[in-house]
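S.K.: Show me the folded form of this:
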Amino acid sequence: MVGVKASHIAYIENGQRNPSLPLLRRLADTLSLDRRELLFLIHPDAKRLTEGNAEPVKGRKPDGWREFSSNRALLRRHQVTPAELKVLRQVNSLSPVSNPRSFVFILNSIRMAANNGS
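M.R.: Numbering: from 1, shown residues only. This is a model prediction of the structure:
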């Protein structure tokens, strides 16, 4: 119904992958779910970013960049290039990202925007 294999849905359900934004939209529409709420379930940091409450937990400094950039398996799985790492480091310097998975979301958003522009 959403144009992907059942195995891809299983990966999403098991938390091994996140849906792309177009797939997230199709899932929400097919399941009659609120797109925004589904996005926030998959990417909790997105809610804080949209509400302007991206403050770290008291007493804990966000270190999402270190966790993300040192996770070689994650970088390989998402085929992150050195140039993309440099851009993501710059994004983190603008506003520290606390959740390392948020970098995957940011990267996929940048990739989608670049692909739509070409």
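
S.K.: So which residue is dead centre in the chain?
M.R.: Phe105 (1.8 Å; CA atoms, centre = their mean).

S.K.: ok, that one - contacts?
M.R.: Neighbouring residues of Phe105 by CB atoms under 8 Å, 6 or more residues apart in numbering: Asn18, His43, Asp45, Ala46. For the C-beta atoms, the positions are set from N, CA and C on the backbone; glycine is no exception.

S.K.: Now which of those residues would you call buried?
M.R.: Buried by 16 or more other CB atoms under 10 Å: Asn18, His43, Asp45, Ala46, out of the contacts of Phe105.

S.K.: Backbone dihedrals for the residue nearest to the centre of the chain, please?
M.R.: phi -60, psi -50 (degrees, to the nearest 10).

S.K.: Where helices are concerned, which of the contacts of Phe105 count?
M.R.: Using DSSP state H, the members of the contacts of Phe105 that fall within helices are Asp45, Ala46.

S.K.: biggest separation within the contacts of Phe105, which pair?
M.R.: Between any two of those, the greatest separation by CB to CB is 12.2 Å, found for Asn18 and Asp45.

S.K.: quick one on the thing from earlier: and of the contacts of Phe105, the nearest to Asn71?
M.R.: Nearest to Asn71 among the contacts of Phe105, with distances taken as CB to CB, is Asn18, at 15.1 Å.

S.K.: Would you check that the closest one makes contact with Ile42?
M.R.: Yes - using CB atoms under 8 Å, Asn18 is in contact with Ile42, at 5.5 Å.

S.K.: Can you give me the end-to-end span of stretch 76-89?
M.R.: Start-to-end span of stretch 76-89 (CA to CA, to the nearest Å) is 17 Å.

S.K.: Right, I'll call it a day here.
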